[in-house]
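K.L.:
okay, sequence plus prediction incoming.
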Amino acid sequence: MELVLPEELLQAVVESLAFDTPFVERQLRMLRWKYSIVELLPLSLANRQLRRISMPFLFAFIRIKADSTDVEKLIDQCVSNQAFAASIRTLYLNEELPQASLSEAEVKKVDCLLQHLTHLSQINLGWISLDRLLLAVINRHPVPTVFLPSRRIHSMLLHKAHELGSSELSKLVLTCENDATIDQAESDHLQDFLAHGMQLTHVDATSLHSSFLAQKFHGLCHLTLTLDNAPTSPTVMSWLPEFMCSHELLKTIRFVAGFRWNWHINTIPFVQLLIEAISKEGLADSRIIRGFDITRANPVAVNRSKLRAPAPSSEWYVSGLDLDIRTQSPGRILYVAHGLFPQISALSLEVSVTLDELVTALTCFSSLRVVNLVHPSNLLGFGNQTPDAADVQNAIIQYTSLMAQRIPNLEAFHIDDLTTNRAYFYGWLNVQQTLHERRTVGPLWQLIRESPLEPLPPDSRTKYSYISFDNVFLL
């Protein structure tokens with residue numbers, strides 16, 4: 001039967017449940033339209049009205065294996081239920097290994113499936129190799145965005161880029177969320193594809209030649225720059241101002257201090273005031289600054305006539321800091337940083353202080369949304385004890401929950417290399433509001449070592465925990 005409550009109220013309830021997704025997932029374009037359905041699914045079974053309201057959220061994000069019977073089953077479901085087909089917004093093909101190359105018959109089935117997905121907004125090709133036949137199918141469908149989620153994919157693409165039309169790759173977006181970067185060797189291979197319309201959301205300019213950075217990157221939103229004092233490194237400010245103005249969608253630039261970098265030799269306008277304040281007050285050496293982020297207030301409103309050295313202004317502002325303050329009391333340093341950069345939303349900290357000291361130092365950051373805790377073992381109070389894995393995870397959740405209760409705008413924590421004698425923890429903790437309090441929830445990814453000296457396997461992380469703090473740019 002129909003509920004007597006107004007449908008607008010039911011819609012609000014359904015949306016509240018659907019949008020309760022992990023923080024890191026909300027920051028990734030390739031996971032757009034992925035909603036939380038754990039609590040929404042049983043609600044949708046209550047009656048037809050709630051089922052209809054829930055439908056656009058329940059099936060907006062679909063995962064299938066394109067080289068299996070999944071495609072035929074999904075086609076049958078779409079034919080029998082057009083509302084179901086219309087609710088699909090993201091189609092994720094072959095999320096897990098092994099890599100797959102589709103046969104001609106399998107490509108035809110994908111073509112048939114896409115014809116039923118009238119509201120499809122994006123496709124993630126996962127571990128599907130892209131060839132000319134599949135590319136033709138994609139270009140026939142009106143879907144605007146197709147993600148290639150790692151650099152390990154693009155090397156399998158198309159080896160004859162010069163045979164393509166000028167915009168034949170315009171739907172393709174090469175994403176680098178999973179720690180993938182573009183180095184100089186790969187940049188040479190990519191240039192042909194970029195010239196044919198391929199979009200690149202994130203460029204990591206570690207060791208890239210300035211000639212590569214001089215070109216136009218379609219769809220570029222994020223840029224990571226490793227600062228280096230090496231004689232062969234181009235001066236950042238010699239090319240960055242024009243680069244910033246020529247990329248209208250560029251929203252975030254992350255500056256990372258290389259091991260040879262000295263903040264006093266080369267001036268970077270955005271943090272120069274902080275460098276001077278640290279030196280003037282004798283708080284610490286400027287090497288406590290490992291890096292910082294700047295964000296453009298309005299990425300599409302760019303005045304091309306203002307090609308000058310960027311400075312903190314209404315257009316660009318410092319939005320993140322990476323600080324190593326293990327040997328310092330964080331209070332004064334963070335107080336000065338907040339006074340200069342009141343819009344900071346992300347902090348990465350390596351500290352050796354009590355919980356009260358850290359929380360007191362952070363409470364002034366009214367815009368703070370996420371904190372990355374680097375090597376936080378010394379914050380947990382175990383001293384010389386050897387806690388088991390459960391005690392360690394419970395301790396970091398309790399510690400971050402207390403921080404979340406006292407800093408109301410925090411949405412998440414990233415735990416970077418929490419290591420004990422027998423366990424290693426890594427990943428994201430989301431802040432949730434319960435009936436009685438704010439608390440963080442995991443679980444973190446963990447690995448139990450057989451021996452304290454046993455190396456850690458590089459590829460044993462759980463889903464999305466491989467997304468490091470360094471590769472997340474806040475939306």
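P.N.:
Great, that's in hand.
K.L.:
give me the below-cutoff pLDDT ranges for the stretch 151-300 of the chain.
P.N.:
151-167, 176-189, 206-213, 229-234, 283-286, 299-300 (pLDDT under 70).
K.L.:
where along it do the strands fall?
P.N.:
For the stretch 151-300 of the chain, applying DSSP state E, counting those that start in this stretch gives strands covering 172-174, 199-200, 202-204, 222-227, 252-257, 289-296.
K.L.:
winner for burial among the ones you listed?
P.N.:
Across these, averaging neighbours per residue (mean count of other Cβ atoms under 10 Å) puts strand 172-174 on top, at a mean of 25. All C-beta atoms are positioned from the backbone trio N, CA, C, and that covers glycine.
K.L.:
report all helices and strands that it contacts.
P.N.:
Helices and strands touching strand 172-174, by 3 or more Cβ pairs under 8 Å, 6 or more residues apart in numbering; DSSP states H and E, are strand 145-148, strand 199-200.
K.L.:
who are the packing partners of the first one?
P.N.:
Same thing as strand 145-148. strand 122-124, strand 172-174.
K.L.:
parallel or antiparallel, which strands does that strand pair with?
P.N.:
Applying DSSP bridges, strand 145-148 is found paired with strand 122-124 (parallel), strand 172-174 (parallel).
K.L.:
between those strands, which gets nearest to His414?
P.N.:
Distance to His414, taken as Cβ to Cβ, is lowest for strand 122-124 among the strands paired with strand 145-148, at 23.2 Å.
K.L.:
tell me which helix or strand comes right after the closest one.
P.N.:
Later in the chain than strand 122-124, the nearest helix or strand by DSSP states H and E is helix 132-140.
K.L.:
mind listing what's buried in that next one?
P.N.:
Leu134, Leu135, Val137, Ile138, Asn139 (16 or more other Cβ atoms under 10 Å).
K.L.:
which residues touch the residue nearest to Met30 when sequence neighbours are not counted?
P.N.:
Excluding its sequence neighbours, the residue lying closest to Met30 (Cβ to Cβ, 6 or more residues apart in numbering) is Phe147, at 4.7 Å. Phe147 is in contact with Arg29, Met30, Gln122, Ile123, Asn124, Leu125, Val173, Thr175, counting by Cβ atoms under 8 Å, 6 or more residues apart in numbering.
K.L.:
which of the residues you listed sit farthest apart?
P.N.:
Arg29 and Leu125, at 14.1 Å, using Cβ to Cβ across the contacts of Phe147.
K.L.:
which one of those two has more residues nearby?
P.N.:
For Arg29 versus Leu125, the count of surrounding residues by other Cβ atoms under 10 Å is larger for Leu125: 22 against 16.
K.L.:
I'd say Asn372 and Leu349 touch.
P.N.:
Yes. Using Cβ atoms under 8 Å, Asn372 is in contact with Leu349, at 7.0 Å.
K.L.:
next, the contact list for Ala404, please.
P.N.:
Leu410, Phe413, Val431, Arg438, Arg439, Thr440.
K.L.:
so it sits in a helix?
P.N.:
Yes. Judged by DSSP: H, G, I helix; E, B strand; the rest coil, Ala404 forms part of a helix.
K.L.:
ok, it to Asp322 distance?
P.N.:
Here Ala404 is placed at a distance of 21 Å from Asp322 (Cβ to Cβ, to the nearest Å).
K.L.:
sorry, back to before: reformat the strands paired with strand 145-148 as a markdown table; add distance to Gln393.
P.N.:
Output for the strands paired with strand 145-148, formatted as a markdown table (distance: least, Cβ to Cβ, whole Å):
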| stretch | distance to Gln393 |
| --- | --- |
| strand 122-124 | 31 |
| strand 172-174 | 35 |
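K.L.:
nearest to Ala205, out of those?
P.N.:
Here strand 172-174 is closest among the strands paired with strand 145-148 (Cβ to Cβ), at 15.2 Å.
K.L.:
what comes into contact with that closest one?
P.N.:
Under Cβ under 8 Å, 6+ apart, the answer for strand 172-174 is 29, 130, 145-148, 151, 154, 190, 193, 197-201, 219.
K.L.:
dump the helices and strands packed on strand 172-174 to JSON lines, plus distance to Tyr35.
P.N.:
Output for the helices and strands packed on strand 172-174, formatted as JSON lines (distance: least, Cβ to Cβ, whole Å):
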{"stretch": "strand 145-148", "distance to Tyr35": "18"}
{"stretch": "strand 199-200", "distance to Tyr35": "25"}
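K.L.:
perfect, that will be all.
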